[in-house]
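In: only geometry, no sequence info:
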């Protein structure tokens, strides 16, 4: 099942995507919903961010090749993490499929993009085990982690390097039926593949991460967890288009502009 959040006829609602048609519901997939008689053509609606999360979690450095490539660029010995650590991002940075990534006028040329798998929590959870961790999930979507690398080195908290407005595209919908083991992440810039990797080739898997983090934090419906990326990406420029494909989930596509360009 694909849950989609959309705006049509001046209203924002949830619906179930069936082919190119949306069956609108009253309510949402987190607190309950009922069917309605309203249908919409996918091409006729504005796709919105699939959820505005209560808490936005992120798993950094969760793919070994990504750690190694970053260290090689810096001329350092790679420091492979020995335990799963969770970070946080800001919901203000979220934009939907098709919306524009805006590079601030004072940003440097070192603005990068990364394709990431995103888990969407469906029910409250604490003290999960690796065996039952995925039971609390509603489904999965796609994220694009945009970062200004010069700011990332300069700012102690990553507040602007990671959380500038528009720096976290996410969508286009939430897929409940997803085979993580079979999935591949394919990242394209202007139609050319820049990164390709097996989505589940993680240093610490989804279940281990969730079991670890819920020893201390409670997950709530609508929370999102981004799972990191592999490989590396070239610099983003004004006029670029980034497309993140995760097989079984679809495509997240966003154009890029620079302020004042």
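Out: Received it, and whenever you're ready, just let me know what you need. Remember, it's a predicted structure, so these values are computed and weren't measured experimentally.
In: Next, the distance between the ends of stretch 138-149.
Out: End-to-end span of stretch 138-149 (CA to CA, to the nearest Å): 33 Å.
In: Domain boundaries for this structure, per the record?
Out: The chain breaks down into these domains under automatic domain parsing: 1-48, 49-258.
In: centre of the chain versus the longest one, how much separation?
Out: I take that to be domain 49-258. Between the centre of domain 49-258 and the centre of its chain there are 5 Å (CA atoms, centre = their mean, to the nearest Å).
In: do the first one as well
Out: Here the centre of domain 1-48 is set off from its chain's centre by 20 Å, with CA atoms, centre = their mean.
In: Most tightly packed of the domains of the chain?
Out: domain 49-258 (a mean of 18; mean count of other CB atoms under 10 Å). For the C-beta atoms, the positions are set from N, CA and C on the backbone; glycine is no exception.
In: returning to that earlier point: pick out the shakiest of the domains of the chain, pLDDT-wise.
Out: Mean pLDDT per stretch puts domain 49-258 lowest among the domains of the chain, at a mean of 94.
In: can you give me the end-to-end distance of that domain?
Out: End-to-end for domain 49-258, by CA to CA: 22 Å.
In: And the helices in the protein?
Out: 64-74, 149-154, 206-213 (DSSP state H).
In: quick one: contacts for the residue lying farthest from the centre of the chain?
Out: In terms of distance from the mean C-alpha position of the chain, residue 37 ranks first, at 31.2 Å (CA atoms, centre = their mean). Going by CB atoms under 8 Å, 6 or more residues apart in numbering, residue 37 touches no other residue.
In: Tell me the spacing between it and residue 24.
Out: Computed as CB to CB, to the nearest Å, the residue 37 to residue 24 distance reads 9 Å.
In: cool, and residue 105?
Out: Counting by CB to CB, the gap from residue 105 to residue 24 is 40 Å.
In: ok, now residue 40?
Out: 6 Å.
In: what sits in contact with each of those two?
Out: Residues touching both residue 40 and residue 24 (CB under 8 Å, 6+ apart): 8, 15.
In: Wait, residue 252 touches residue 244, no?
Out: Yes - the pair residue 252 / residue 244 is scored as a contact, 4.5 Å apart, by CB atoms under 8 Å.
In: Thank you kindly, that will do.
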